[in-house]
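Enquirer: give me a model of this one.
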Amino acid sequence: SNRQNTKKNIYNKKNNLKMVQLLEKYTAIQLEEEEEEESSDDEIDFNAAPVEETEEEKKRLEAIRKARQEKIESKKGKERCQYYVYVYPSGTDVDMDKLANDVKKHPKTQMEGWEWVENHKIEPHVFGLKKVMVIFNVFENVVTNDMVEAAFEDAGEDIEEFSSHEIASQSKL
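Expert: Numbering: from 1, shown residues only. Okay, here's the model as predicted:
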């Protein structure tokens with residue numbers, strides 16, 4: 001058993017020596033690569049004369065700037081939000097489909113930049129009452145969140161079966 005322990009110790013020492021040698025080689029290779037990367041980086045001479053842009057280079061850069069600006073401007077006009085709004089009726093005997101259609105046809109909800117999604121969803125609420133979820137999309141640059149609130153407030157005043165509303169969700173498209 002003493003002899004076996006001695007063999008194991010010798011074996012472990014040999015393996016440890018090999019590991020150390022491998023680590024040293026690996027470290028040396030890494031250092032060489034880092035030195036190459038550092039030397040390959042262009043150094044900036046702040047005292048050097050400025051490089052003149054050619055007319056061709058100026059035109060190319062200006063075209064790139066214009067294209068980026070046009071892309072940003074085109075996105076601004078097309079940013080849309082989708083709203084999910086719960087409309088609550090004034091009682092249990094209200095025709096929910098009619099209520100949803102009345103809200104969709106109300107003049108305040110028929111403005112420019114406001115697009116209704118065809119379907120609406122009737123869901124149970126509390127104590128036998130139901131609620132209807134109406135869904136629509138708006139263009140952010142035309143219709144604001146305050147305008148949506150005001151439109152539903154006005155619809156609530158004009159439609160007899162309309163009790164209240166709640167914006168359940170608003171998300172960008």
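Enquirer: show me the strands in the protein, by range?
Expert: Using DSSP state E, the strands of the chain run over 80-89, 114-124, 130-139, 162-172.
Enquirer: so how far is the second one off the chain centroid?
Expert: Mean C-alpha position of strand 114-124 versus that of the full chain (Cα atoms, centre = their mean, to the nearest Å) differs by 24 Å.
Enquirer: where in this protein is pLDDT low?
Expert: Along the chain, segments meeting pLDDT under 70 span 1-13, 35-53, 71-78.
Enquirer: which residues are contacting stretch 148-167?
Expert: 83-91, 94-95, 98-99, 102-103, 106, 108-109, 111, 138 (Cβ atoms under 8 Å, 6 or more residues apart in numbering). C-betas here are computed from N, CA, C, even on glycine.
Enquirer: burial count for A151?
Expert: Residues lying near A151 (other Cβ atoms under 10 Å) number 21.
Enquirer: give me the most central residue, this protein.
Expert: The centre of the chain sits closest to K172, judged by Cα atoms, centre = their mean, with a distance of 8.2 Å.
Enquirer: please list all residues in contact with the closest residue to H120 other than its chain neighbours.
Expert: What sits nearest to H120 in space, not counting adjacent residues and going by Cβ to Cβ, 6 or more residues apart in numbering, is A100, at 4.1 Å. Residues in contact with A100, defined by Cβ under 8 Å, 6+ apart, are 87, 120, 122, 132, 134.
Enquirer: now, of those residues, which are buried?
Expert: 87, 120, 132, 134 (16 or more other Cβ atoms under 10 Å).
Enquirer: so the last one makes contact with V103?
Expert: Yes - because the distance of 5.9 Å satisfies Cβ atoms under 8 Å, V134 is recorded as touching V103.
Enquirer: spit out the residues that contact the two alike.
Expert: V87.
Enquirer: so how far is G128 from the residue nearest to H120?
Expert: A100 is 19 Å from G128, where distance means Cβ to Cβ, to the nearest Å.
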